[in-house]
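**Student:** structure for the following, please:
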Amino acid sequence: MDLNIWLNFLMQSAMIAALASLVFGGLAGYALASLGSIPVWVGILVGALIPVLGLLILAIVALASHKKMAPLPGELWWIRSRAGRVFLTALGILAAVLLLSMFLGWFKMRIAGIPALSIGAWGTVIGAVLVISLVVVVGAAALGVRRPTRTGAVLMGWFGCWWMFLSVVAIALQAPAVSLASSVGALKYTVGDVTKLLNLENVAGEVRLPDGVDPAWLGLDSSTVDLSTVDLGQAIPDLSFSVGPGWWLALTFGFGAVVWSFAMINRASERTRACAAPATHLIKIDPVQSQGFGAPGPYTNMPQPYNGQRNYWEQ
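**Tutor:** Below you'll find the predicted structure:
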(Lines give C-alpha, C1' and ligand atoms only; values in the text may rest on other atoms or scores of the structure.)
Protein backbone atom coordinates (compact mmCIF):
# COMPACT_ATOMS: atom_id res chain seq x y z
CA MET A 1 0.00 0.00 0.00
CA ASP A 2 1.30 3.43 -0.95
CA LEU A 3 1.07 5.47 2.25
CA ASN A 4 2.05 8.67 0.45
CA ILE A 5 -1.21 8.63 -1.51
CA TRP A 6 -3.25 8.32 1.67
CA LEU A 7 -1.25 10.97 3.50
CA ASN A 8 -1.76 13.31 0.56
CA PHE A 9 -5.48 12.52 0.58
CA LEU A 10 -5.75 13.25 4.31
CA MET A 11 -3.92 16.57 3.89
CA GLN A 12 -6.21 17.55 1.02
CA SER A 13 -9.28 16.62 3.05
CA ALA A 14 -8.08 18.71 6.01
CA MET A 15 -7.45 21.71 3.73
CA ILE A 16 -10.87 21.35 2.12
CA ALA A 17 -12.54 21.13 5.53
CA ALA A 18 -10.70 24.25 6.71
CA LEU A 19 -11.70 26.14 3.56
CA ALA A 20 -15.36 25.13 3.92
CA SER A 21 -15.28 26.23 7.56
CA LEU A 22 -13.82 29.60 6.59
CA VAL A 23 -16.47 30.13 3.94
CA PHE A 24 -19.37 29.31 6.24
CA GLY A 25 -17.89 31.29 9.13
CA GLY A 26 -17.54 34.32 6.88
CA LEU A 27 -21.10 33.86 5.63
CA ALA A 28 -22.56 33.61 9.14
CA GLY A 29 -20.45 36.57 10.29
CA TYR A 30 -21.71 38.61 7.34
CA ALA A 31 -25.32 37.77 8.23
CA LEU A 32 -24.84 38.78 11.89
CA ALA A 33 -22.95 41.96 11.00
CA SER A 34 -25.76 43.06 8.70
CA LEU A 35 -28.23 42.76 11.59
CA GLY A 36 -26.58 45.35 13.83
CA SER A 37 -24.15 48.23 13.68
CA ILE A 38 -21.12 46.06 12.91
CA PRO A 39 -18.89 46.70 9.87
CA VAL A 40 -19.27 43.97 7.30
CA TRP A 41 -15.55 43.28 7.02
CA VAL A 42 -15.34 42.83 10.80
CA GLY A 43 -18.19 40.32 10.78
CA ILE A 44 -16.67 38.31 7.93
CA LEU A 45 -13.17 38.22 9.45
CA VAL A 46 -14.33 37.38 12.97
CA GLY A 47 -16.76 34.72 11.73
CA ALA A 48 -14.16 33.10 9.47
CA LEU A 49 -11.13 33.20 11.78
CA ILE A 50 -12.91 32.53 15.11
CA PRO A 51 -15.56 29.99 14.07
CA VAL A 52 -17.51 29.39 17.30
CA LEU A 53 -16.58 32.03 19.86
CA GLY A 54 -16.42 34.77 17.26
CA LEU A 55 -19.89 33.96 15.93
CA LEU A 56 -21.25 33.90 19.48
CA ILE A 57 -19.85 37.36 20.22
CA LEU A 58 -21.18 38.70 16.93
CA ALA A 59 -24.61 37.26 17.67
CA ILE A 60 -24.77 38.92 21.10
CA VAL A 61 -23.70 42.31 19.75
CA ALA A 62 -25.90 42.13 16.66
CA LEU A 63 -29.07 40.97 18.41
CA ALA A 64 -28.62 43.59 21.15
CA SER A 65 -28.56 46.44 18.62
CA HIS A 66 -30.97 45.01 16.04
CA LYS A 67 -34.47 46.39 15.65
CA LYS A 68 -36.82 43.91 14.08
CA MET A 69 -38.70 45.27 11.10
CA ALA A 70 -42.00 43.73 10.17
CA PRO A 71 -42.77 43.30 6.47
CA LEU A 72 -45.08 45.80 4.87
CA PRO A 73 -48.75 44.78 4.78
CA GLY A 74 -49.44 42.74 1.68
CA GLU A 75 -45.76 42.62 0.75
CA LEU A 76 -44.85 39.53 -1.32
CA TRP A 77 -41.16 39.96 -2.08
CA TRP A 78 -40.79 36.82 -4.20
CA ILE A 79 -43.54 37.95 -6.59
CA ARG A 80 -43.68 41.75 -6.61
CA SER A 81 -39.95 42.44 -6.63
CA ARG A 82 -37.72 41.81 -9.64
CA ALA A 83 -34.88 40.89 -7.30
CA GLY A 84 -37.17 38.47 -5.48
CA ARG A 85 -38.10 36.74 -8.72
CA VAL A 86 -34.44 36.39 -9.66
CA PHE A 87 -33.59 34.87 -6.27
CA LEU A 88 -36.58 32.51 -6.44
CA THR A 89 -35.62 31.37 -9.94
CA ALA A 90 -32.07 30.66 -8.81
CA LEU A 91 -33.44 28.67 -5.89
CA GLY A 92 -35.57 26.63 -8.28
CA ILE A 93 -32.52 25.86 -10.42
CA LEU A 94 -30.61 24.63 -7.36
CA ALA A 95 -33.53 22.38 -6.41
CA ALA A 96 -33.61 20.99 -9.96
CA VAL A 97 -29.90 20.16 -9.73
CA LEU A 98 -30.54 18.15 -6.56
CA LEU A 99 -33.48 16.32 -8.12
CA LEU A 100 -31.45 15.44 -11.20
CA SER A 101 -28.60 14.07 -9.10
CA MET A 102 -30.99 11.57 -7.48
CA PHE A 103 -31.41 9.75 -10.80
CA LEU A 104 -27.73 9.60 -11.74
CA GLY A 105 -24.85 7.44 -10.60
CA TRP A 106 -22.59 8.56 -7.76
CA PHE A 107 -19.94 5.85 -7.92
CA LYS A 108 -18.72 3.70 -10.78
CA MET A 109 -16.73 0.49 -10.43
CA ARG A 110 -15.26 -1.45 -13.33
CA ILE A 111 -13.65 -4.89 -13.22
CA ALA A 112 -12.21 -6.48 -16.34
CA GLY A 113 -14.71 -8.86 -17.91
CA ILE A 114 -17.67 -7.57 -15.88
CA PRO A 115 -20.04 -4.76 -16.91
CA ALA A 116 -19.52 -1.48 -15.07
CA LEU A 117 -21.40 -1.16 -11.79
CA SER A 118 -23.05 2.20 -11.10
CA ILE A 119 -24.24 3.04 -7.60
CA GLY A 120 -27.01 5.61 -7.28
CA ALA A 121 -28.29 7.67 -4.37
CA TRP A 122 -31.59 5.88 -3.76
CA GLY A 123 -31.54 3.61 -0.74
CA THR A 124 -28.31 5.07 0.62
CA VAL A 125 -27.34 7.74 3.13
CA ILE A 126 -26.65 10.06 0.21
CA GLY A 127 -30.30 9.80 -0.87
CA ALA A 128 -31.49 10.72 2.62
CA VAL A 129 -29.19 13.76 2.73
CA LEU A 130 -30.43 14.83 -0.70
CA VAL A 131 -34.02 14.75 0.53
CA ILE A 132 -33.08 16.82 3.58
CA SER A 133 -31.30 19.31 1.31
CA LEU A 134 -34.43 19.66 -0.81
CA VAL A 135 -36.46 20.34 2.33
CA VAL A 136 -33.98 23.09 3.25
CA VAL A 137 -34.34 24.65 -0.21
CA VAL A 138 -38.13 24.68 0.15
CA GLY A 139 -37.76 26.13 3.65
CA ALA A 140 -35.51 28.91 2.36
CA ALA A 141 -38.12 29.75 -0.26
CA ALA A 142 -40.85 29.86 2.41
CA LEU A 143 -38.78 32.12 4.68
CA GLY A 144 -38.22 34.59 1.86
CA VAL A 145 -41.83 34.96 0.72
CA ARG A 146 -42.36 38.40 2.25
CA ARG A 147 -38.81 39.80 2.54
CA PRO A 148 -35.14 38.82 2.06
CA THR A 149 -34.21 36.15 4.57
CA ARG A 150 -30.93 35.88 6.44
CA THR A 151 -32.02 32.69 8.18
CA GLY A 152 -32.71 30.92 4.90
CA ALA A 153 -29.41 32.18 3.51
CA VAL A 154 -27.43 30.81 6.45
CA LEU A 155 -29.16 27.42 6.17
CA MET A 156 -28.51 27.26 2.44
CA GLY A 157 -24.90 28.29 2.99
CA TRP A 158 -24.39 25.61 5.65
CA PHE A 159 -25.66 22.84 3.39
CA GLY A 160 -23.77 24.30 0.44
CA CYS A 161 -20.47 24.21 2.32
CA TRP A 162 -21.09 20.62 3.40
CA TRP A 163 -21.85 19.50 -0.15
CA MET A 164 -18.75 21.25 -1.48
CA PHE A 165 -16.62 19.53 1.16
CA LEU A 166 -18.09 16.06 0.59
CA SER A 167 -18.02 16.25 -3.20
CA VAL A 168 -14.41 17.45 -3.41
CA VAL A 169 -13.33 14.76 -0.91
CA ALA A 170 -15.16 12.09 -2.93
CA ILE A 171 -13.47 13.23 -6.13
CA ALA A 172 -10.07 13.20 -4.43
CA LEU A 173 -10.74 9.70 -3.07
CA GLN A 174 -10.47 8.02 -6.49
CA ALA A 175 -6.70 7.52 -6.50
CA PRO A 176 -6.43 6.18 -2.90
CA ALA A 177 -9.33 3.77 -3.51
CA VAL A 178 -7.72 2.29 -6.62
CA SER A 179 -4.39 2.03 -4.78
CA LEU A 180 -6.05 0.20 -1.88
CA ALA A 181 -7.80 -2.25 -4.21
CA SER A 182 -4.54 -2.99 -6.00
CA SER A 183 -2.72 -3.54 -2.70
CA VAL A 184 -5.40 -5.93 -1.45
CA GLY A 185 -5.44 -7.72 -4.78
CA ALA A 186 -1.70 -8.29 -4.61
CA LEU A 187 -2.24 -10.53 -1.56
CA LYS A 188 -2.75 -14.21 -2.33
CA TYR A 189 -6.15 -14.67 -0.78
CA THR A 190 -9.23 -16.55 -1.87
CA VAL A 191 -12.77 -15.98 -0.73
CA GLY A 192 -12.48 -19.11 1.39
CA ASP A 193 -9.39 -17.75 3.14
CA VAL A 194 -11.21 -14.53 4.00
CA THR A 195 -14.26 -16.35 5.41
CA LYS A 196 -12.01 -18.51 7.57
CA LEU A 197 -10.28 -15.44 8.97
CA LEU A 198 -13.71 -14.10 9.91
CA ASN A 199 -14.73 -17.43 11.47
CA LEU A 200 -17.42 -17.92 8.85
CA GLU A 201 -17.72 -21.50 7.71
CA ASN A 202 -19.73 -22.81 4.75
CA VAL A 203 -21.00 -19.39 3.72
CA ALA A 204 -19.65 -19.41 0.16
CA GLY A 205 -21.71 -21.44 -2.28
CA GLU A 206 -21.65 -22.16 -5.98
CA VAL A 207 -22.82 -19.59 -8.50
CA ARG A 208 -23.08 -19.39 -12.27
CA LEU A 209 -21.53 -16.38 -13.95
CA PRO A 210 -23.79 -14.26 -16.16
CA ASP A 211 -23.64 -14.68 -19.91
CA GLY A 212 -20.90 -12.62 -21.50
CA VAL A 213 -18.51 -12.84 -18.54
CA ASP A 214 -15.30 -14.68 -19.40
CA PRO A 215 -14.27 -16.95 -16.47
CA ALA A 216 -10.63 -16.57 -17.48
CA TRP A 217 -10.67 -12.92 -16.41
CA LEU A 218 -11.42 -14.09 -12.88
CA GLY A 219 -8.91 -16.93 -12.90
CA LEU A 220 -11.63 -19.57 -13.25
CA ASP A 221 -11.95 -22.62 -15.47
CA SER A 222 -15.73 -22.74 -15.89
CA SER A 223 -18.77 -20.50 -15.58
CA THR A 224 -20.04 -22.49 -12.59
CA VAL A 225 -17.66 -21.89 -9.72
CA ASP A 226 -17.26 -22.40 -6.03
CA LEU A 227 -16.98 -18.95 -4.48
CA SER A 228 -14.58 -20.18 -1.82
CA THR A 229 -11.94 -20.82 -4.51
CA VAL A 230 -12.14 -17.40 -6.20
CA ASP A 231 -8.72 -15.76 -6.23
CA LEU A 232 -9.15 -12.18 -5.03
CA GLY A 233 -5.70 -11.28 -6.31
CA GLN A 234 -6.84 -11.95 -9.88
CA ALA A 235 -9.83 -9.65 -10.04
CA ILE A 236 -9.05 -6.71 -7.77
CA PRO A 237 -5.93 -5.38 -9.57
CA ASP A 238 -8.11 -4.80 -12.65
CA LEU A 239 -10.53 -2.67 -10.62
CA SER A 240 -11.10 0.96 -11.61
CA PHE A 241 -13.03 3.32 -9.39
CA SER A 242 -14.47 6.71 -10.33
CA VAL A 243 -17.12 9.12 -9.12
CA GLY A 244 -20.29 9.53 -11.12
CA PRO A 245 -22.02 12.70 -12.31
CA GLY A 246 -24.00 12.86 -9.07
CA TRP A 247 -20.99 14.18 -7.16
CA TRP A 248 -20.31 16.83 -9.80
CA LEU A 249 -23.91 18.01 -9.55
CA ALA A 250 -23.56 18.07 -5.76
CA LEU A 251 -20.47 20.26 -6.13
CA THR A 252 -22.41 22.56 -8.46
CA PHE A 253 -25.25 22.79 -5.96
CA GLY A 254 -22.87 23.54 -3.08
CA PHE A 255 -21.12 26.34 -4.93
CA GLY A 256 -24.41 27.79 -6.17
CA ALA A 257 -25.96 27.64 -2.69
CA VAL A 258 -23.04 29.56 -1.17
CA VAL A 259 -23.18 32.25 -3.87
CA TRP A 260 -26.96 32.50 -3.45
CA SER A 261 -26.56 32.87 0.31
CA PHE A 262 -24.05 35.72 0.08
CA ALA A 263 -26.25 37.53 -2.45
CA MET A 264 -29.34 37.06 -0.28
CA ILE A 265 -27.60 38.42 2.82
CA ASN A 266 -26.40 41.40 0.80
CA ARG A 267 -29.97 42.04 -0.33
CA ALA A 268 -31.29 41.77 3.22
CA SER A 269 -28.59 44.16 4.40
CA GLU A 270 -29.57 46.71 1.76
CA ARG A 271 -33.19 46.48 2.87
CA THR A 272 -32.18 47.01 6.50
CA ARG A 273 -30.17 50.11 5.64
CA ALA A 274 -33.00 51.49 3.50
CA CYS A 275 -35.59 50.98 6.26
CA ALA A 276 -33.26 52.51 8.86
CA ALA A 277 -32.72 55.68 6.79
CA PRO A 278 -34.48 58.81 8.14
CA ALA A 279 -37.91 59.39 6.63
CA THR A 280 -37.83 63.19 6.86
CA HIS A 281 -35.67 65.90 5.42
CA LEU A 282 -35.33 69.64 5.74
CA ILE A 283 -37.45 71.70 3.34
CA LYS A 284 -37.05 75.44 2.98
CA ILE A 285 -40.34 77.34 3.06
CA ASP A 286 -41.39 80.94 3.02
CA PRO A 287 -40.75 82.73 6.38
CA VAL A 288 -44.20 84.32 6.37
CA GLN A 289 -45.88 80.99 5.82
CA SER A 290 -43.74 79.44 8.52
CA GLN A 291 -44.98 82.01 11.08
CA GLY A 292 -48.50 81.05 10.19
CA PHE A 293 -47.69 77.54 11.28
CA GLY A 294 -45.96 78.77 14.41
CA ALA A 295 -42.51 77.70 13.21
CA PRO A 296 -39.51 79.53 14.69
CA GLY A 297 -37.53 79.90 11.47
CA PRO A 298 -37.35 79.45 7.70
CA TYR A 299 -36.73 75.66 7.96
CA THR A 300 -38.96 72.99 9.29
CA ASN A 301 -39.03 69.24 9.35
CA MET A 302 -41.69 67.92 7.06
CA PRO A 303 -42.29 64.34 6.04
CA GLN A 304 -40.81 63.33 2.73
CA PRO A 305 -43.64 62.35 0.39
CA TYR A 306 -43.48 58.89 -1.13
CA ASN A 307 -43.84 59.20 -4.87
CA GLY A 308 -44.54 55.51 -5.45
CA GLN A 309 -41.41 55.04 -7.58
CA ARG A 310 -39.17 52.04 -6.92
CA ASN A 311 -35.73 51.23 -8.16
CA TYR A 312 -35.07 48.69 -10.91
CA TRP A 313 -34.71 45.67 -8.62
CA GLU A 314 -37.83 46.47 -6.58
CA GLN A 315 -40.14 46.74 -9.58
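
**Student:** strands along the stretch 51-200 of the chain, start to end?
**Tutor:** Per DSSP state E, counting those that start in this stretch, the stretch 51-200 of the chain carries strands over the ranges 105-111, 114-120.

**Student:** okay, and for the stretch 201-315 of the chain, where does confidence drop off?
**Tutor:** Within the stretch 201-315 of the chain, the ranges that satisfy pLDDT under 70 run 201-221, 225-239, 275-315.

**Student:** can you give me the helices for the protein?
**Tutor:** 3-35, 40-49, 53-65, 77-80, 82-102, 125-143, 150-172, 174-185, 191-197, 232-235, 245-276, 287-292 (DSSP state H).

**Student:** if you compare these, which one is most tucked away?
**Tutor:** Among those, helix 150-172 has the highest mean neighbour count (mean count of other Cβ atoms under 10 Å), at a mean of 21. Just so you know, the C-beta spots here come from the backbone N, C-alpha and C atoms, and that holds for glycine as well.

**Student:** which helices and strands sit right next to it?
**Tutor:** Contacts defined by 3 or more Cβ pairs under 8 Å, 6 or more residues apart in numbering; DSSP states H and E place helix 150-172 against helix 3-35, helix 125-143, helix 245-276.

**Student:** can you put those helices in TSV and add distance to G105?
**Tutor:** Below are these laid out as TSV (distance: least, Cβ to Cβ, whole Å):
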stretch	distance to G105
helix 3-35	22
helix 125-143	11
helix 245-276	6
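
**Student:** now for the ones you listed, which one comes closest to S118?
**Tutor:** Nearest to S118, of all those, is helix 245-276, at 9.6 Å by Cβ to Cβ.

**Student:** okay, the angle between that closest one and strand 114-120?
**Tutor:** Angle, helix 245-276 to strand 114-120, by axes from the mean of the first three to the mean of the last three Cα atoms, to 10 degrees: 20 degrees.

**Student:** what about S37, neighbour count?
**Tutor:** Using other Cβ atoms under 10 Å, S37 has 11 other residues around it.

**Student:** for the residue nearest to G43 when sequence neighbours are not counted, give me its contacts.
**Tutor:** Using Cβ to Cβ, 6 or more residues apart in numbering and skipping the chain neighbours, the partner closest in space to G43 is A33 (2.5 Å). When contacts are counted by Cβ atoms under 8 Å, 6 or more residues apart in numbering, A33 touches 39-40, 42-44, 58, 62.
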